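[1] Sequence and computational prediction follow.
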Amino acid sequence: MVEAIIEQRHKNTGRNDDCPCGSGKKYKKCHLAQDEEALRAERTRLAAEAAEKAKAEQAKAEAEGKADEAAPREAAPEPKIKPKEPAAKAAPKMPVGGAPKPVSAPRKMV
């Protein structure tokens, strides 16, 4: 429950906004570090729980002899993206009259 409040405060408050605790300080100087640390700890705890659960499921599957089905599969390698080949250079567009527009001479410095 506390994590939800911290996460909501972290999302809704900008670094340079006043801290919602009412101290008059900017959020980045007051509670930002504490909120980020709490969120980081929560994410670490959830990741550890997920790893334990996966490990327990794999051990259970190995005990039942179904290790092949429950074993995590390796991720498929990402396909390499080929760079686009440059398109053939098109001929310059000609005006309707057929002749290119004359280019004016550069201005002379006086």
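    Everything's here; your move.

[2] ok, which stretches of this structure are strands?
    Using DSSP state E, the chain contains no strands.

[3] Verify the stated contact: L39 with Q8.
    No: with contact defined as Cβ atoms under 8 Å, L39 and Q8 do not form a contacting pair (11.1 Å). Just so you know, the C-beta spots here come from the backbone N, C-alpha and C atoms, and that holds for glycine as well.

[4] more crowded one of the two?
    L39 (14 against 11; other Cβ atoms under 10 Å).

[5] For that one, give me its contacts.
    In this structure, L39 makes contact with E3, I6, E7, H10, judged by Cβ atoms under 8 Å, 6 or more residues apart in numbering.

[6] who wins for most neighbours among these?
    Those, ranked by neighbours (other Cβ under 10 Å): first place I6, 18 neighbours.

[7] if I look at that residue, how far off is R15?
    15 Å (Cβ to Cβ, to the nearest Å).

[8] same deal with H31?
    H31 is 11 Å from R15, by Cβ to Cβ.

[9] Which one's more surrounded, these two?
    Neighbour count, other Cβ under 10 Å: between H31 and R15, H31 has more, with 20 against 9.

[10] so the more buried one touches C21, yeah?
    Yes: the pair H31 / C21 is scored as a contact, 6.0 Å apart, by Cβ under 8 Å.

[11] and for those two, which residues touch both?
    By Cβ under 8 Å, 6+ apart, no residue touches both H31 and C21.
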